[in-house]
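K.L.:
Next input, structure requested:
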Amino acid sequence: MNDLRIDGGRLWDGLSRMGEIGATPAGGVNRQALTDGDRAARDLFISWCREAGCSVRIDASGNIFARRAGRRGVAPAVAAGSHLDSQPAAGRFDGALGVLAALEVVRTLNDHGVVTERPLEVVSWTNEEGCRFAPSMMGSGVFTGRFDAARMDATADTEGRTFGAELERIGFRGDDLVSVTELDSWFELHIEQGPVLEREGTAIGVVTGANGLRWFDLVVTGHDAHAGPTPMAERRDALLGAARIVAAVNRIGLAHLPGASATVGSLAVHPNSRNTIPGRVAFTVDLRHQDETRQAAMKDALETEAASICAADNLELDLREIANQPPLRFDPGCVAAVRGAAAAQGLSWREMVSGAGHDACHLAARLPTAMIFIPCEGGVSHSEQENATREDCIAGANVLLHAVLKRAGVHAGC
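P.N.:
Predicted coordinates:
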């Protein structure tokens, strides 16, 4: 089985076809969760899974499960996949590569008549990105019991449309009961979303774990006032306070290196008028670290500095934590399967920790889990300029194939 390879042309064609859904003029995609584009991507994926002979199930969160039977029909399945939703101005590989590579594993085994001992499950999780409905990794979070389903259903986007209502609207409120106990393990192929592999000329990232992630929503409230007549000393400028907090977030990240990142990624100013002092600013903070103790220290610093800034400027502060994913380590056995698959194919590899959150982070709390990274051009992701080469995508899919086979086992009669 060591010489078994996926059909690289078929994988690349699938990525291209999926990239046509929600395509943007700049060459990226916009398939935010539970939009019409997301629905079209789901429909295409399901049609391909059924063509490959998989049985398809959809649970109440819209997660899609496509199963290829194994010789041991009742055994828990080795699962692989990722997500099909995207950021508003995203690339064609984030998420989609992992889903379609997992499907290509199934197609390749079909082509060669390979029977695995365990079943295989190809999964596409709902709302991994979290840009329209926060928090991110929502579908896998509900599936693993980390998030409450009713609370997620009530989550609204900026236009007031709820996750539950939009799931119903696109027709993906499934009624299949799928349990985490039906899965044996989880493998996820993904672009690195950083520059390390490309810079080093390394083909495969063997991911040993992921940074902890904490998300916060902040609202700073002052008082709207005319920009001309209002004396500088008497202003309650919410944007000024928010700007000082943004600068503090950057300082917090720098103070907790190595392994830290701190980002303000979204900011909304009210009333957003040229000649009005802003009275309200809502924004987000993203804090990450490889060490849980230092991650907690970053949170404490954010709360302390934000409160101090607002008190000094006579502003009101509402700070809420909406997501908390501790740092984690992936399963040594699954990681070893990835490492062995890369080495057996003569691919260069290195161990690394993921700086980004992935569905694998939720799955790892309940299942043996590993991830595979491939390089992306310039380390760019969450951007229409995101790119990965055909050769790197194929290499990553072949590593996925052999890592999955190692875990699932091949029937001796094949």
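K.L.:
just the helices in the stretch 251-400 of the chain please.
P.N.:
Counting by DSSP state H, counting those that start in this stretch, the stretch 251-400 of the chain has helices at residues 292-312, 332-344, 359-363, 390-408.
K.L.:
Show me what the first one packs onto, helices and strands only.
P.N.:
By that I understand helix 292-312. Counting contacts by 3 or more Cβ pairs under 8 Å, 6 or more residues apart in numbering; DSSP states H and E, helix 292-312 is packed against strand 212-221, helix 238-255, strand 260-263, strand 280-289, strand 316-325. All C-beta atoms are positioned from the backbone trio N, CA, C, and that covers glycine.
K.L.:
now it, how far from the chain's geometric center?
P.N.:
How far helix 292-312 lies from its chain's middle: 26 Å, per Cα atoms, centre = their mean, to the nearest Å.
K.L.:
State the mean pLDDT of that helix.
P.N.:
Helix 292-312 shows a mean pLDDT of 97.
K.L.:
Could you do stretch 217-231 as well?
P.N.:
Rounded mean pLDDT across stretch 217-231 is 97.
K.L.:
would you put the C-alpha positions of it in PDB?
P.N.:
The C-alpha trace of stretch 217-231 is given here as PDB (Å, rounded to 0.1, in the frame of the first residue of the first chain):
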ATOM      1  CA  ASP A 217     -16.200  41.600  22.600                       C
ATOM      2  CA  LEU A 218     -15.700  45.100  23.900                       C
ATOM      3  CA  VAL A 219     -18.000  48.100  23.900                       C
ATOM      4  CA  VAL A 220     -16.600  51.500  25.000                       C
ATOM      5  CA  THR A 221     -19.400  54.100  25.500                       C
ATOM      6  CA  GLY A 222     -18.900  57.900  25.900                       C
ATOM      7  CA  HIS A 223     -21.100  60.700  24.600                       C
ATOM      8  CA  ASP A 224     -21.900  61.800  21.000                       C
ATOM      9  CA  ALA A 225     -21.100  65.500  20.600                       C
ATOM     10  CA  HIS A 226     -20.500  68.100  17.900                       C
ATOM     11  CA  ALA A 227     -16.800  68.100  16.800                       C
ATOM     12  CA  GLY A 228     -16.600  71.800  16.500                       C
ATOM     13  CA  PRO A 229     -18.100  73.500  19.700                       C
ATOM     14  CA  THR A 230     -17.200  70.800  22.200                       C
ATOM     15  CA  PRO A 231     -14.000  71.700  24.200                       C
END
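K.L.:
If we go by neighbour counts, what in it is buried?
P.N.:
Judged by neighbour count (16 or more other Cβ atoms under 10 Å), stretch 217-231 contains these buried residues: 217-225, 230.
K.L.:
and it, how far from the chain's centre?
P.N.:
36 Å.
K.L.:
ok, and what's touching that stretch?
P.N.:
Stretch 217-231 has contacts (Cβ atoms under 8 Å, 6 or more residues apart in numbering) with 134, 235-238, 241-242, 245, 270-271, 274-285, 306, 310, 313-320, 322.
K.L.:
Buried by neighbour count, from those: which ones?
P.N.:
Among those, those classed as buried by 16+ other Cβ under 10 Å are 134, 235-238, 241-242, 245, 270, 276-285, 306, 310, 313, 315, 317, 319.
K.L.:
Residue 210: which of the helices of the stretch 251-400 of the chain is closest?
P.N.:
helix 359-363 (5.1 Å; Cβ to Cβ).
K.L.:
Would you mind checking the average pLDDT for that closest one?
P.N.:
For helix 359-363, mean pLDDT is 96.
K.L.:
Output the contacting helices and strands for that helix.
P.N.:
Judged by 3+ Cβ pairs under 8 Å, 6+ apart, the packing partners of helix 359-363 are helix 138-143, strand 183-191, strand 369-374.
K.L.:
Contacts only, for residue 52.
P.N.:
66, 68, 103, 106-107, 110.
K.L.:
List the ones among those that fall in helices.
P.N.:
Counted as lying in helices by DSSP state H, out of the contacts of residue 52, are 103, 106-107, 110.
K.L.:
can you tell me which of the residues you listed lies nearest to residue 189?
P.N.:
Checking the ones in helices among the contacts of residue 52 against residue 189 with Cβ to Cβ, the nearest one is residue 103 at 11.3 Å.
K.L.:
residues touching the spatially closest residue to that closest one that is not a sequence neighbour, list them.
P.N.:
Sequence neighbours aside, residue 122 is the residue nearest to residue 103 in space, at 5.3 Å (criterion: Cβ to Cβ, 6 or more residues apart in numbering). The contact partners of residue 122, taken as Cβ under 8 Å, 6+ apart, are 49, 54, 65-68, 79-81, 99, 102-103, 105-106.
K.L.:
of the helices and strands packed on helix 292-312, which approaches residue 365 most closely?
P.N.:
strand 316-325 (9.5 Å).
K.L.:
Show me what that closest one is packed up against.
P.N.:
Applying 3+ Cβ pairs under 8 Å, 6+ apart, one finds that strand 316-325 contacts strand 212-221, helix 292-312.
K.L.:
Show me what counts as buried in the last one.
P.N.:
Buried residues in helix 292-312, counting neighbours by 16+ other Cβ under 10 Å, are found at 294-299, 301-302, 305-306, 309-310.
K.L.:
Between those residues, which sits nearest residue 19?
P.N.:
Of the buried residues of helix 292-312, the one sitting nearest to residue 19 (Cβ to Cβ) turns out to be residue 295, at 35.0 Å.
K.L.:
Which helix or strand contains residue 166?
P.N.:
Assessed by DSSP states H and E, residue 166 sits inside helix 163-169.
K.L.:
Just the CA trace of that helix, in CSV.
P.N.:
What follows is helix 163-169, C-alpha atoms only, in CSV (Å, rounded to 0.1, in the frame of the first residue of the first chain):
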residue,chain,number,x,y,z
PHE,A,163,-27.8,31.0,13.3
GLY,A,164,-30.8,28.7,13.8
ALA,A,165,-33.1,30.7,11.4
GLU,A,166,-30.4,30.8,8.7
LEU,A,167,-29.7,27.1,9.1
GLU,A,168,-33.4,26.5,8.5
ARG,A,169,-33.5,28.9,5.6
